[in-house]
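Engineer: prediction below, plus the sequence it came from.
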Number of protein chains: 2
Amino acid sequence: MWERGAVIRVLIADDQALVRGAMAALLGLEVDIEVVAEVGTGTDVVPTARAVQPDVALLDVQMPGMDGLAAAAELRDAVPTCRVLICTTFGRPGYLSRAMAAGAAGFVVKDAPPEQLVEAVRRVHSGLRVVDPALAAESLASGASPLTDRELEVLRTARDGGTVADVAKVLHLSEGTVRNHLSSAIGKTGARTRAEAVRLAETRGWL
Amino acid sequence: MWERGAVIRVLIADDQALVRGAMAALLGLEVDIEVVAEVGTGTDVVPTARAVQPDVALLDVQMPGMDGLAAAAELRDAVPTCRVLICTTFGRPGYLSRAMAAGAAGFVVKDAPPEQLVEAVRRVHSGLRVVDPALAAESLASGASPLTDRELEVLRTARDGGTVADVAKVLHLSEGTVRNHLSSAIGKTGARTRAEAVRLAETRGWL
DNA sequence: ACCTCGCCATGACAGGTGTCATGGCGAGGT
DNA sequence: ACCTCGCCATGACACCTGTCATGGCGAGGT
């Protein structure tokens, strides 16, 4: 009971229990950091954060239910005192910009050395922003997604390899319209095939 | 210097430094486990293991250079006293069977709770096999890959969304032959599109 | 020797795909 | 009011794809 207020209270959200526990163990080694909550889905983030009032929320991007980016946006409104640190497997340019738009204070990739994570937690807690410079440059270079909402939706639906007719049926559109959106998306991504467009949009974090 | 031989010496191989360090921290909390080496590529596994002679090697499947499955096979010959525990993100049926064929003693997915990992390390070290029962059942149900080497190669090449002509050029084959292999792969996977066949083969661990 | 099976190839055909021109509708900006 | 832009749709056209029949070659099993 004698932590004199200098301890950083952290919430960890990651869908993989093993990674979640391991990160908790890693952060727990630091004397000035305490892991006060662990959740495995995006939908659990806000309720839990409301209950335990953490100083920093460490959110993975890909989670079942709600992704880390959406959770970050909701968390910003629900618990304004809690600063958000996004931690993800893929350093996709689009993720960074979307994370910043969602009010995140920091962004670290899982390729980074462990010390960098604990440093990021401390810096975020003290009000600084944490961004990988290389990723920031890449993000600025590739820019924001030029795809419209509908194009993204069509691309997402076509992702699992269905035919145009399937996509049209799912989205309640004409086949011709689907083909138009796909054609437009292919042109904007610089791809030459629907599958390639999906792949490119994914690696750029536009999905 | 007074660990009296009861300590389990572990090597960790994972391409993500953060996860690697976190897992090391997690295992390091246990008094009977000591992490003696960390590597980030598949090619570093065997040389490092030869040098430090670990009791257990904890290998991720997807790594740059050489994947964990191939590393496991080489490790079995190079350091027979070291038992292999495969630890991966995806619980794909094909991974399990290939891991067992490569001489692995255990297989855990990263969805599992942290205690399960440390338990797996102990069991593997004591000579037992560790396999998730649900995954084992799924593995037996889906069976081994019905795809021939060439079909897999064509499917792999077609994965990034290239056209038939592209694949044919890369593999030095006729376009017709590529189409035949694709058609066969589509039939065997039960898919209706090339893209769907790629997706299904991937989720089953046949890739 | 025979058969089976994987591999490569060709040719043909139906159907799916990507592109383009054209048009209508509604929202937002000047 | 005007223009721009996203969205939906139709129709037409060239091209790509998936399927099938057919055949040749070499390896391995009986």
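Structural biologist: On my side now, so go ahead. This structure is a prediction, so every number in the text was calculated from the model and none was measured.
Engineer: what residues does chain A have near chain B?
Structural biologist: Where proximity means C-beta under 8 Å from any C-beta of the partner chain, the interface of chain A facing chain B comprises A:15-23, A:25-26, A:28-29, A:87, A:89, A:108-114, A:116-117, A:160-163, A:191-199. Every residue, glycine included, has its C-beta placed from N, CA and C.
Engineer: near DNA strand D, from those?
Structural biologist: Counting by C-beta under 7 Å from any atom of the strand, residue A:193 from these sit close to DNA strand D.
Engineer: now which of the residues of chain A next to chain B would you call buried?
Structural biologist: By the neighbour-count criterion of 16 or more other C-beta atoms under 10 Å in any protein chain shown, those include these buried positions: A:15-23, A:25-26, A:87, A:89, A:108-112, A:114, A:116-117, A:161-162, A:191, A:193-199.
Engineer: picking that back up, in strands only, show me the residues of chain A next to chain B.
Structural biologist: Of the residues of chain A next to chain B, the ones assigned to strands by DSSP state E are A:87, A:108-109.
Engineer: tell me the one among those nearest to DNA strand C.
Structural biologist: Each of those was scored against DNA strand C by C-beta to the nearest atom of the strand, and residue A:109 proved nearest at 31.6 Å.
Engineer: contacts only, for the closest residue to the closest one other than its chain neighbours.
Structural biologist: Taking C-beta to C-beta, 6 or more residues apart in numbering or on different chains, and ignoring the residues beside it in sequence, residue A:109 has residue A:91 as its nearest neighbour in space, at 4.3 Å. Contacts here follow C-beta atoms under 8 Å, 6 or more residues apart in numbering or on different chains; on that basis residue A:91 touches A:109, A:111, A:132, A:135, A:138.
Engineer: check contacts around residue A:24.
Structural biologist: For residue A:24, the contacting residues are A:12, A:35, A:38, taking C-beta under 8 Å, 6+ apart as the criterion.
Engineer: next step: those restricted to strands.
Structural biologist: Within the contacts of residue A:24, membership in strands is found for A:12, A:35, A:38, as judged by DSSP E.
Engineer: and the last one, bridged to which residues?
Structural biologist: Looking back up the chat, that one is residue A:38. Taking DSSP bridges as the rule, residue A:38 bridges to residue A:12.
Engineer: how many neighbours does it have?
Structural biologist: Taking other C-beta atoms under 10 Å in any protein chain shown as the criterion, the count of residues near residue A:38 is 19.
Engineer: equivalent analysis for the first one, please.
Structural biologist: Residues within reach of residue A:12, counting by other C-beta under 10 Å, total 23.
Engineer: I figured it hits residue A:35, correct?
Structural biologist: Yes - contact between residue A:12 and residue A:35 holds when scored by C-beta atoms under 8 Å: they sit 6.0 Å apart.
Engineer: can you list residues touching both of the two?
Structural biologist: Here residue A:12 and residue A:35 have A:24, A:27 as joint contacts, going by C-beta under 8 Å, 6+ apart.
Engineer: residue ranges with poor pLDDT in chain A?
Structural biologist: Residue ranges of chain A with pLDDT under 70: A:1-5.
Engineer: just the strands in it please.
Structural biologist: Across chain A, reading from the start of the chain, the strands by DSSP E fall at A:8-13, A:33-39, A:56-59, A:83-88, A:106-109, A:130-131.
Engineer: interface residues of chain A facing DNA strand C?
Structural biologist: Within chain A, the positions lying close to DNA strand C (C-beta under 7 Å from any atom of the strand) are A:163-165, A:176, A:179-180, A:182-183, A:186-187, A:192-194.
Engineer: can you tell me which of these are in helices?
Structural biologist: Of the positions in the residues of chain A next to DNA strand C, A:164-165, A:176, A:179-180, A:182-183, A:186-187, A:194 sit in helices, assigned by DSSP state H.
Engineer: just the buried residues of those.
Structural biologist: Members of those classed as buried by 16+ other C-beta under 10 Å are A:164, A:179, A:182, A:186, A:194.
Engineer: residues contacting residue A:8?
Structural biologist: A:32-34, A:55-56, A:121-122, A:125.
Engineer: what's the PyMOL line that selects buried ones from the residues you listed?
Structural biologist: In PyMOL, the members of those classed as buried (16+ other C-beta under 10 Å) are selected with the following command:
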select buried, chain A and resi 33+34+55+56+121+122+125
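Engineer: in the contacts of residue A:8, find the pair that's most separated.
Structural biologist: Between any two of the contacts of residue A:8, the greatest separation by C-beta to C-beta is 12.9 Å, found for A:34 and A:122.
Engineer: verify the contact between residue A:185 and residue A:150 for me.
Structural biologist: No - Residue A:185 is not in contact with residue A:150 according to C-beta under 8 Å; the separation is 9.4 Å.
Engineer: who has more neighbours out of those two?
Structural biologist: For residue A:185 and residue A:150, the more surrounded residue by other C-beta under 10 Å is residue A:185, and the numbers stand at 25 against 16.
Engineer: so what's that one closest to, chain neighbours aside?
Structural biologist: residue A:151 (4.5 Å).
Engineer: let me see the domain layout of chain A.
Structural biologist: A:8-141, A:149-203 (automatic domain parsing).
Engineer: how deep is the residue nearest to residue A:185 tucked in, by neighbour count?
Structural biologist: Counted with other C-beta under 10 Å, the neighbours of residue A:151 add up to 23.
Engineer: my read: it touches residue A:184, true?
Structural biologist: Yes - counting by C-beta under 8 Å, residue A:151 sits close enough to residue A:184 to count as a contact (5.8 Å).
Engineer: spit out the contact partners of the residue nearest the centre of chain A.
Structural biologist: Taking C-alpha atoms, centre = their mean as the criterion, residue A:61 is the residue nearest the geometric centre of chain A, at 2.9 Å. Residues near residue A:61 by C-beta under 8 Å, 6+ apart: A:67-69, A:86, A:88-90, A:95, A:99.
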